[in-house]
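K.L.:
let's see this in three dimensions:
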Amino acid sequence: EKVVVEYEFYNVFDLSKETNPKMLEIYKNSNEQKSHYELVTTKVESQYKKVERINNSQSKSGATISFGGVGNDFYKNFDENISLTFMDYNGKKLIIKDSLKVQPWIIQKDKSTYLGYDIKKATYKEKNTTYTAWFAPKLAIKNGPIEYAGLPGLILKLEIVNSSDKGENKRIYHATNIKLDSKAKIERPTKGQIVSEKEFDQIIEEENKKFNERENNKVETKID
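P.N.:
This is a model prediction of the structure:
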C-alpha cells in the first residue's frame, strides 16, 4: 500500500536582530512564503516532489530567500540504500546519486496527536542546528520529507532550528493531508546523466568559473 502525504514548507527567519532594512524586508517577505510538496512512499521506495499551488503569499511582490525544500524530484530506495535527485542545471539534465543519510534520532517521551494520528517526538542536534520530528507509529514506514527518515513511523512534522548570533532561523515541514492510494505513482528518475554529489559540486564550480569569466570579459570590454 502506498501512502501519500502532502507537506507544507515554510521558513521562519528571526527579525529581531536584523539591522539592514533591505534584508529585513527580504526576511519579512520570506516568512510569508509557503511551498507545498508531495511524498508518495512505500516501505521500499519513495518520491518527494514540489506541488505548484496558487496562494495569497505567492501574489505578493518583493525579493525572498528560502532554505530547505527542494524544487526537484527526490527519490529514495531503502533496499538499495540510495537517493536520486533529478536536477535541470543550466540546461543539463542530471541525476545526483547518493547513499541515504542516517540521522541519529533520539526518541523522547513526548506524545501528541496530529491529523488523527498518535505521534511521538524525536530529536537530535548537530553543531548549531536542532532537529525535531513528530512521527506516527501507526504509519509504519520509516520515511519523511526530503532526506529525513529512519524513525519507526512516518514523519508528519519536522522543525529544523539553526541558532547563531543572528537569532534562531527555522525550517518547518507540516503534513497537511494523508491518504492511502494504491494507484499513486512512484517514478524513479532515469532521464539524465548520473553524477555523484562530489561530481555535481565540481560541475557547479566549473559553471561559476565560466560565469565569472564572462562577467570579467564584459567589464574589460566596457573599459576599452
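K.L.:
please make it C-alpha for all contacts and neighbour counts, starting now.
P.N.:
Noted.
K.L.:
next SSE downstream of the longest strand seen in the chain?
P.N.:
Ranked by residue count, the top strand of the chain under DSSP state E comes out as strand 167-180. Next helix or strand after strand 167-180 toward the C-terminus (DSSP states H and E): strand 193-196.
K.L.:
and that following strand, which residues are buried?
P.N.:
For strand 193-196, burial by neighbour count (16 or more other C-alpha atoms under 10 Å) applies to 194-195.
K.L.:
cool, and stretch 38-52?
P.N.:
If you call a residue buried by 16+ other C-alpha under 10 Å, then stretch 38-52 has these buried ones: 38-42, 45-50.
K.L.:
helix, strand or coil for residue 148?
P.N.:
coil (DSSP: H, G, I helix; E, B strand; the rest coil).
K.L.:
secondary structure class for residue 103?
P.N.:
At residue 103 the chain is in coil, as set by three-state DSSP.
K.L.:
typo on my end, it should be residue 30
P.N.:
Taking three-state DSSP, the label given to residue 30 is helix.
K.L.:
burial of it, as a residue count?
P.N.:
Counted with other C-alpha atoms under 10 Å, residues neighbouring residue 30 total 21.
K.L.:
go on, residue 213?
P.N.:
Residue 213 has 12 neighbours, counted by other C-alpha under 10 Å.
K.L.:
what helix or strand does it sit in?
P.N.:
Using DSSP H and E, residue 213 falls in helix 197-223.
K.L.:
and that helix, which residues are buried?
P.N.:
Within helix 197-223, the residues that qualify as buried by neighbour count (16+ other C-alpha under 10 Å) are residue 200.
K.L.:
and that helix, how far out from the chain middle?
P.N.:
27 Å (C-alpha atoms, centre = their mean, to the nearest Å).
K.L.:
burial count for residue 122?
P.N.:
21.
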